[in-house]
Every structure is written in structure tokens, then in C-alpha cells.
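Trainee: can't give you the sequence, but here's the structure:
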């Protein structure tokens, strides 16, 4: 669907600009912010209380 949208210059290409930018921002956020978090284990409420 994305490839076909980019081939349609009149309607498809401009309409895919915003979702493309959102995907780029999400990928950068994932690499810079989420990759830094090392504790991805599930915790129960009693473990977090102390």
C-alpha cells in the first residue's frame, strides 16, 4: 500500500507525508528513549512499594 501510494504523485504521495514523518519520529524515539531503558521486567504492586 505504501509503495503504491508513492507511485501516485497526484494523491498518494502528499497523503503519505504525514504518516511517513510519524514513522520516522517513532523510530527515532524508540532508538533514543526506549533503548535506554534496561528494566523491562514486569513488577507487581508489592515489589514497587518497597
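Mentor: Sure thing, it's come through. Just so we're clear, the structure is a prediction, and the values are computed from it rather than from any experiment. Numbers count the residues shown, from 1 in each chain.
Trainee: show me the shaky parts of the chain.
Mentor: Scanning the chain for pLDDT under 70 picks out 1-2, 5-6, 12-13, 47-50.
Trainee: ok, now with 80
Mentor: 1-17, 34-50 (pLDDT under 80).
Trainee: output the longest helix belonging to it.
Mentor: helix 17-32 (DSSP state H).
Trainee: can you point out the buried residues in that one?
Mentor: Of the residues in helix 17-32, none count as buried by neighbour count, 16 or more other C-beta atoms under 10 Å. Where you see a C-beta, it was placed from the backbone N, CA and C, and this is true even at glycine.
Trainee: centre of the chain to that helix, how far?
Mentor: 5 Å (C-alpha atoms, centre = their mean, to the nearest Å).
Trainee: repeat that for stretch 19-36.
Mentor: 5 Å.
Trainee: and the gap between residue 9 and residue 15?
Mentor: 11 Å (C-beta to C-beta, to the nearest Å).
Trainee: for residue 38, same thing?
Mentor: 39 Å.
Trainee: which one of these two is surrounded by more residues?
Mentor: residue 15 (10 against 6; other C-beta atoms under 10 Å).
Trainee: how far away is the more buried one from residue 8?
Mentor: 9 Å.
Trainee: what's the answer for residue 14, then?
Mentor: 10 Å.
Trainee: now do residue 29
Mentor: 29 Å.
Trainee: neighbours of residue 7, how many?
Mentor: Count around residue 7 with other C-beta under 10 Å applied: 9.
Trainee: do the one 3 residues further on as well
Mentor: Residue 10 has 6 neighbours, counted by other C-beta under 10 Å.
Trainee: can you point out the buried residues in stretch 36-50?
Mentor: Result for stretch 36-50 [16+ other C-beta under 10 Å]: no buried residues.
Trainee: what's it in contact with?
Mentor: Here stretch 36-50 makes contact (C-beta atoms under 8 Å, 6 or more residues apart in numbering) with no residue beyond itself.
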